[in-house]
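Participant: Got a predicted structure here, sequence first:
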Amino acid sequence: MGMDQKELRQWEARCTQEEPPRCQAACPLHLDARGLCTALAEGRVDAAWATACRTLPLPGVMARICDAPCRAACLRSGLGGAVEMGALERFLARAATRTPPVRPLPARGKAVLVLGDGLAGLACAWDLARKGYAVTLAARDPGRALLARHGDELPEAALAEALAALERMGVALRTGADPSPALAAREDDPHALPEGVDAVFADPETLSPQALGLGEPDALTLGTTRLGLFAAPLPAGGAAGAPPSPALLAALGRRAANSIERFTQGASLTAGREREGPFDSRLSTDLDGVAPAPPAPLPAQGADAAWARAEAARCLRCECMQCVRRCAYLEHYKGYPKTYARQIYNNASIVMGMRQANTMLNSCMICGLCETVCPEDFDMGGLCLTARRDMVERGKMPPSAHEFALDDMAQACGPDCALARHAPGQDASAFAFFPGCQLPASDPGAVERAYALARAALPGPTGLLLRCCGAPAHWAGREALLAQTGEALRADWLALGRPELVVACPTCVLTLRRVLPEARIGTLWAALAGPGAPAPGAASGEALAVHDPCASRHDPAQRQAVRELLHRLGRTTVEPALTGEYTECCGFGGLLDAANPALGAQVAARRARAAQEDFVTSCAMCRDMLARAGKRALHLLDLLAPGEEPDPAARPAPGHSARRENRVRLREGLLRGLWAEEPGPRPAHEALALTIAPEAARAMQDRRILTTDLQKVILHARETGRALVDAATGRHLASLRPGPVTYWVEYEPDGAGGFLVHKAWSHRMQIMGGPA
Amino acid sequence: MSTLKVLDGDYSGWRCAACGQSLVMAPAVLEYMGSRFEVELPRCPACGLTLVPEDLALGKMLEVEKLLEDK
Ligand code: SF4
Ligand code: SF4
Ligand code: SF4
Ligand SMILES: [Zn+2]
């Protein structure tokens, strides 16, 4: 299979969407401040409090006294001021009507002794009791110093409730006496732990390492030279003489609890603890368009629910999603690249059962926008393409996904459409015009006019090379087919004497650079806009919105040439919000329109809404996708080499059959017109004259049934007599399976030698005759 | 293989052009991607010409094709 576990992890690690927001990373206890603010901004006070209680030890105490080191990291800081997380927590501690009870894990059968009165010791006892340890807290008067330090903020009742909660969690409180260093060791062996105790934590405010007669404990593990005894110096930081940070004290207790858990389980004390304390998150959040908002003004009588809601609403809910917000495909599947990477991996790993992600991974337009916006360069297109290649290689690609598009490519490369000629009257080509296969399908007249333009503008004899570049094979993950297409292309190019290719399709430019790296490849736009090229005549008209095709994303010269030509044509241009390097795909790229036509149409409609003005673009397929979405759109050639069409921006996109017919007619017309040659005869079935009812024509477009498919069916029925007849209506019904699809046509003779088509449908299943 | 009955329409209006016979319901084997199903379809009793109606092709049949492609 294509991706192994390690590669999956590499892909997953690239996407930072699941990284914590800066506040949570900076919080020594890693409180989910974003989740808390989300609930609180909706007025869900108890839910916000439950979020705090999930993370905080002694929440009723911590929430009231936390010094909120998260504030310094808050991304809101530069936009009105950091979210007042400390004040929000204090409000919650007062206002919550319900505190979720703590349910300790099943007993571990391990005993831990915590020595001390301070917050670190209390937090350590809390965490260990939660984890199922039998904890004894030996202290004179636990938490007393906190009451003294925090005054009104911490009512005595709140501390009493926290101690009661500790007891409910099973902690044995042994109070009334100062814990002495002697308690931390066995009476008869000062290097061993007390009898029946598996680990000891000495609270730094009560028993410093010095008081215990020990050296500096390890900063990461808090381990000391006495095995199983954990201790810590007071946390550094803060002004001299200022009380230690409550958040850091509680985090020390938590660190000790984690070490004790690892120690009693025989696990590594050091592995994977980099993110236990405050750390820098990799999450990147786009602040573009975020308005500054100052802290909500505190009412005179103190924080109330309205204030808390308003303050919590200032939280930006920091997340990345920068690619998802700009890509309709990523948005459609409701996740983000990290989750998609896993789905794609799972999809490939399935041995029995349904592959749920086939359509998802076949719907990416491979347009490169995500990689361009992602702070970590996550390339979803590359991921999907790798997955497609893997599926093709293992024979797991659904045949219907790309078949129609690949047939289309085969036609464009086949004898009815492909052509490689020197210019009329020439026997060499310095250049060759390469219009691609979609411009001939969309507007064959434009190809003829553009070829004339190219021959006039280029400083040397300019041949013509008609065929498909192979992009559909590339997008479909069919590498062998792409190589084969490239070989045929190379043969034509060599036969023309290695001319410089002058290309009129941005996707062809990309693909040709890939399959024919030895060729000089430029665009028609650069050739026409270049120095020495004749200035096109002045025109005027409404401003046009430039749609950069996604294939020109990394080709600033190409995009510039298009704008230069529009400028010389006297047209004012505007840019949609996503343009240039950040342009959006029209919905055709990556064969989205083949694999998931509904989503393709949605993408095109979204792009159509990106500008009020008519669009102008240098890609025939982009133009047709926009036109299909009901948007007025011009191809650049409609301006550079206008035809008869009075309003080319309103020209509808030709349907599937018309596209193929256009290609054939273009070649026939060129052969007759420029080279005075008679093209070969058309196949017999094409002589059948069909009139297609409008409803049937619409169905054929949706179902990807071509007129020539129906002609084949009817001709076959006429030749063999195999058909059904409806006596009442006189209609005929016949079918044929010329390839992997069976086509059905309901039709009647029109009395003039032709046929009237009423219905057409198809299926891929094959009728094998009666049961064996 | 049990025969699935998926059609309840009346197809007796269709006659085989070659044999002149009216179609009757008869079991037919359908195959896709290595899976086979036996389904009752309208068929010419003489030559076996079998009809796959539009709503079957675009409904149940398409659904099963997609399932098999994703298997
Ligand atoms: S831009 Fe997208 S892929 Fe990149 S980190 Fe953000 S969510 Fe993940
Ligand atoms: S804005 Fe909200 S999520 Fe972002 S850092 Fe500040 S508190 Fe955290
Ligand atoms: S369609 Fe484009 S932006 Fe969206 S995931 Fe695919 S390559 Fe990225
Ligand atoms: Zn018959």
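Facilitator: Received the coordinates, thanks. Numbering: from 1, shown residues only, chains lettered A, B, ... in the order given. Ligands and ions are numbered 1, 2, ... in the order given.
Participant: which stretches of the stretch 301-450 of chain A aren't confidently modelled?
Facilitator: Along the stretch 301-450 of chain A, no part satisfies pLDDT under 70.
Participant: Would you mind listing what in it touches ligand 3?
Facilitator: By the rule CB under 6 Å from any ligand atom, the part of the stretch 301-450 of chain A lying against ligand 3 is A:327, A:329-330, A:364-370, A:380-381. All C-beta atoms are positioned from the backbone trio N, CA, C, and that covers glycine.
Participant: Could I get the full set of strands for chain B?
Facilitator: Counting by DSSP state E, chain B has strands at residues B:3-4, B:14-16, B:24-32, B:35-43.
Participant: Kindly reformat these as TSV containing distance to A:Glu216 and mean pLDDT.
Facilitator: Listed next are the strands of chain B as TSV, based on distance: least, CB to CB, whole Å; pLDDT from 0 to 100:
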stretch	distance to A:Glu216	mean pLDDT
strand B:3-4	78	81
strand B:14-16	94	95
strand B:24-32	73	93
strand B:35-43	71	93
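Participant: Which one, of the ones you listed, ends up nearest to ligand 4?
Facilitator: Closest approach to ligand 4 among these (CB to the ion): strand B:14-16, 3.2 Å.
Participant: Please report how far the residue of chain B found nearest chain A lies from A:Asp198.
Facilitator: Relative to chain A, the nearest point of chain B is B:Glu69 (3.5 Å; CB to the nearest CB). Distance of B:Glu69 to A:Asp198, computed by CB to CB, to the nearest Å: 58 Å.
Participant: from the residues of the stretch 301-450 of chain A next to ligand 3, which single one is nearest ligand 1?
Facilitator: A:Cys370 (6.0 Å; CB to the nearest ligand atom).
Participant: hey, C-alpha coordinates of the helix or strand encompassing that closest one in CSV?
Facilitator: Using DSSP states H and E, A:Cys370 sits within helix A:369-373. What follows is helix A:369-373, C-alpha atoms only, in CSV (Å, rounded to 0.1, in the frame of the first residue of the first chain):
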residue,chain,number,x,y,z
LEU,A,369,-3.9,26.7,-3.2
CYS,A,370,-3.8,24.9,0.1
GLU,A,371,0.0,24.5,-0.1
THR,A,372,0.4,28.2,-1.0
VAL,A,373,-1.7,29.4,2.0
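Participant: OK, contacts around the residue nearest to A:Ala561 when sequence neighbours are not counted?
Facilitator: Nearest non-adjacent residue to A:Ala561, counting by CB to CB, 6 or more residues apart in numbering or on different chains: A:Trp525, 3.9 Å away. Neighbouring residues of A:Trp525 by CB atoms under 8 Å, 6 or more residues apart in numbering or on different chains: A:504, A:558, A:561-562, A:565, A:618, A:636.
Participant: Nearest to ligand 2: which residue in chain B?
Facilitator: Counting by CB to the nearest ligand atom, chain B gets nearest ligand 2 through B:Asp70, at 39.0 Å.
Participant: got the contact list for that residue?
Facilitator: A:354-356, A:358, A:398.
Participant: Which one of the residues you listed is nearest to ligand 2?
Facilitator: A:Gln356 (32.1 Å).
Participant: For the closest one, pull up the helix or strand it's in.
Facilitator: Counting by DSSP H and E, A:Gln356 is part of no helix or strand.
Participant: Can you tell me the closest non-neighbouring residue to it?
Facilitator: A:Asn347 (6.5 Å).
Participant: Checking my notes, the one you found in a helix, right?
Facilitator: Yes. Assessed with DSSP: H, G, I helix; E, B strand; the rest coil, A:Asn347 lies in a helix.
Participant: for the residue most central in space within chain B, what are its contacts?
Facilitator: By CA atoms, centre = their mean, chain B has its centre lying nearest to B:Leu41, at 3.7 Å. Applying CB under 8 Å, 6+ apart, we find B:Leu41 in contact with A:767, B:7, B:25-28, B:50-52.
Participant: All set now, cheers.
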